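> Please find the sequence and the predicted model below.
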Amino acid sequence: MDAITNPGTTGDVAKLMEGIGRAARAAARKLATSPADTRNAALTAMAKVVRDCASEILAANQADIAAGQDKGLADSFVERMTLNDERIEAMAAGIESIAALPDPVGSVIDSWERPNGLKIERVRTPLGVIGIIFESRPNVTADAGALCVKAGNAAILRSGSDALGAAKAIHACLQDGLEAAGLPREAIQLVPVADRDAVGEMLGGLGGNVDVIVPRGGKGLVGRVEEEARVPVFAHLEGICHVYVHADADLGMAKDLIVNAKMRRTSICGAAECILVDAAVAQTHAAPIAEALIDAGCEVRGDTAICEQVPGAVTATEHDWGKEHLGPVVSMRVVENLDAAADYIATYGSAHTEAIITDDQAAADRFMHLVDSAIVMHNASTQFADGGEFGMGAEIGIATGRMHARGPVGVEQLTSFKYRVRGTGQTRP
């Protein structure tokens, strides 16, 4: 299987992926019944190897970046794929935090006893083999692989071609950690080629060997996955996140939260992309908030009301509403009231993360009731939309669909369940 690193035909790719699928299924059976201590030992070993091999990972990443810049990749794309010492340490620490989480496998979700004496338990079980298709972030290799192992699943990872070098370096560390703990290296496999046909093979299920697909990337990738997948999908759509400044918002808090929500890291899916200002405070709040963003280096694209108050704002086009800018650009407009804000989000949002800033608890509660996104926040930066910040150790992505997993996809979301029924000889009349 490893010998086919540069397939020349579709048949070669199909053969490669078929072997990956079979190996993943065999590894998944071993992982599902492995002791928690063994899986945790593997994770701890992975973190150590990542730290030990930091220089190799950085060198591979620099080669990826140089190649990407030669191809003219956008700065926002390059920023997402860039690693440094701090991010590698965060990667290793994230793996250790996953190891420290309670073991989800075998945990009892619920239990009850029937009148006939049958005792029934609903128990968490691994999903099996999880295919993760991601684009520019090489750190997803570590997060996804570690989360799958913790939950007793095998992982098949497919990195975008622009970050494949760093992904391969990180993947080697993960496999070394598995081997150190006596677990099969095939429990985490990385598709070794950039051929797009490999994605098609994964979406087809690899002969029944893939149980779920998790896409993490832009609209094009997610659209292809949702159109072609023959297995269940945890959809991670765009992060078109909104912050609504309510009539009872504290101006100082609003400025601080919005600048952080937009500018802390502009390329992540939890970055705010649109600011909605209630008409009741537009005259007092809109200009100071916009100017704080501009002072922080952000371009503000506003509607007529915003541009009239903010000389530095740029007139927005229809394309700017419902756009994931993924850079230091934000859309901003005035809305009539809370209901109008909720209607706007329903029309232009991606069901990822929305926030309200207000001192009115009843208004916050109403906003959280009306807005049907995976994450809804009150008086907090949207940049907290992250599995690590939620105490999940890490995440594979933010699921924006409504089935099974929603919001940060952590270890619990990577499990299903079965029923254990214990009797004392009962027969059904």
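On my side now, so go ahead.
> how far out from the middle of the chain is the lengthiest helix in the chain?
Here the longest helix in the chain is taken by residue count, with DSSP state H as the criterion, and it is helix 10-32. The gap between where helix 10-32 is centred and where its chain is centred comes out at 24 Å by Cα atoms, centre = their mean, to the nearest Å.
> for stretch 264-272, same thing?
In terms of Cα atoms, centre = their mean, the centre of stretch 264-272 is set 12 Å apart from its chain centre.
> Over to it now: how far is its first residue from its last?
Counting by Cα to Cα, to the nearest Å, the length from the leading to the trailing residue of stretch 264-272 is 10 Å.
> In that stretch, which residues are buried?
The neighbour-count check on stretch 264-272 (16 or more other Cβ atoms under 10 Å) flags 266-272 as buried. (C-beta placed from N, C-alpha, C; glycine too.)
> Next: stretch 11-25.
Those would be 13-14, 16-17, 19-21, 23-25, for stretch 11-25 by 16+ other Cβ under 10 Å.
> Dump the longest helix of the chain to PDB, restricted to CA.
This file holds the C-alpha atoms of helix 10-32, laid out as PDB (Å, rounded to 0.1, in the frame of the first residue of the first chain):
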ATOM      1  CA  THR A  10      -7.600   6.200 -11.500                       C
ATOM      2  CA  GLY A  11      -7.200   2.500 -11.000                       C
ATOM      3  CA  ASP A  12      -4.000   3.000  -9.000                       C
ATOM      4  CA  VAL A  13      -5.700   5.400  -6.700                       C
ATOM      5  CA  ALA A  14      -8.700   3.100  -6.300                       C
ATOM      6  CA  LYS A  15      -6.300   0.300  -5.400                       C
ATOM      7  CA  LEU A  16      -4.400   2.400  -2.900                       C
ATOM      8  CA  MET A  17      -7.600   3.600  -1.200                       C
ATOM      9  CA  GLU A  18      -9.100   0.100  -1.100                       C
ATOM     10  CA  GLY A  19      -6.100  -1.000   0.900                       C
ATOM     11  CA  ILE A  20      -6.300   1.900   3.200                       C
ATOM     12  CA  GLY A  21      -9.900   1.200   3.900                       C
ATOM     13  CA  ARG A  22      -9.300  -2.500   4.700                       C
ATOM     14  CA  ALA A  23      -6.500  -1.700   7.000                       C
ATOM     15  CA  ALA A  24      -8.500   1.000   8.800                       C
ATOM     16  CA  ARG A  25     -11.400  -1.400   9.400                       C
ATOM     17  CA  ALA A  26      -9.000  -4.000  10.900                       C
ATOM     18  CA  ALA A  27      -7.400  -1.400  13.100                       C
ATOM     19  CA  ALA A  28     -10.800   0.000  14.200                       C
ATOM     20  CA  ARG A  29     -11.800  -3.400  15.600                       C
ATOM     21  CA  LYS A  30      -8.700  -3.500  17.700                       C
ATOM     22  CA  LEU A  31      -9.100   0.100  18.900                       C
ATOM     23  CA  ALA A  32     -12.700  -0.400  19.800                       C
END
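> Report all helices and strands that the helix or strand following that helix contacts.
Scanning the chain past helix 10-32 towards its C-terminal end, the next helix or strand to appear is helix 36-52 (assignment: DSSP states H and E). Contact here means 3 or more Cβ pairs under 8 Å, 6 or more residues apart in numbering; DSSP states H and E; on that basis helix 36-52 packs against helix 85-99, helix 139-150, helix 164-180.
> Return the per-residue confidence for the closest residue to residue 321 other than its chain neighbours.
With sequence-adjacent residues excluded and distances taken as Cβ to Cβ, 6 or more residues apart in numbering, residue 321 is closest to residue 348, at 5.2 Å. In the prediction, the pLDDT value recorded for residue 348 is 96.
> surely residue 348 meets residue 240?
Yes - contact between residue 348 and residue 240 holds when scored by Cβ atoms under 8 Å: they sit 6.8 Å apart.
> which of those two has more neighbours?
More neighbours sit around residue 240 than around the other of residue 348 and residue 240, counting by other Cβ atoms under 10 Å; the figures are 26 against 16.
> wouldn't that one be in contact with residue 321 here?
No - using Cβ under 8 Å, residue 240 is not in contact with residue 321; the gap is 9.5 Å.
> Can you give the distance of stretch 282-302 from its chain's centre?
Averaging C-alpha positions (Cα atoms, centre = their mean) puts stretch 282-302 29 Å from its chain's average.
> Name the surrounding residues that touch that stretch.
Outside of stretch 282-302, the residues that reach it under the criterion Cβ atoms under 8 Å, 6 or more residues apart in numbering are 245, 249, 251, 254-255, 258-259, 262-263, 266, 275, 277, 305-306, 309-310, 312-317, 320, 328-334.
> Which entries within the residues you listed meet the buried criterion?
Among the contacts of stretch 282-302, those buried by neighbour count (16+ other Cβ under 10 Å) are 245, 249, 254-255, 258-259, 262-263, 266, 275, 277, 305-306, 309-310, 313, 316, 320, 328-334.
> Which residue ranges make up each domain of this protein?
For the chain, the domain assignment from automatic domain parsing gives the residue ranges 10-236+409-420, 241-384.
> Adding distance to residue 391, write those out as TSV.
Formatted as TSV, the entries for these read as follows, by distance: least, Cβ to Cβ, whole Å:
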stretch	distance to residue 391
domain 10-236+409-420	9
domain 241-384	11
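> gap between the spatially closest residue to residue 83 that is not a sequence neighbour and residue 55?
Beyond its immediate neighbours in the sequence, the residue positioned closest to residue 83 (Cβ to Cβ, 6+ apart) is residue 61, lying 4.4 Å away. With distances taken as Cβ to Cβ, to the nearest Å, residue 61 is found 11 Å from residue 55.
> on that earlier part again, the residue nearest to residue 83: which element?
With elements taken from DSSP H and E, the one containing residue 61 is helix 54-70.
> what mean pLDDT does that helix have?
The pLDDT scores in helix 54-70 average 96.
> re the thing from before, show me the buried ones among the contacts of stretch 282-302 that map onto helices.
With DSSP H as the criterion, helices contain 254-255, 258-259, 262-263, 305-306, 309 from among the buried ones among the contacts of stretch 282-302.
> Please name the residues that touch the residue nearest to residue 336 when sequence neighbours are not counted.
Distances taken as Cβ to Cβ, 6+ apart put residue 279 closest to residue 336, at 5.3 Å, once the chain neighbours are dropped. By Cβ under 8 Å, 6+ apart, residue 279 lies in contact with 334-337.
> Would you point out the most distant pair within the residues you listed?
For the contacts of residue 279, with distances taken as Cβ to Cβ, the pair at the greatest spread is 334 and 337 (10.6 Å).
> Rank the helices and strands of the protein by mean pLDDT and give me the bottom one.
Among the helical and strand segments of the chain, the one scoring lowest on mean pLDDT, DSSP states H and E is helix 219-228, with a mean of 82.
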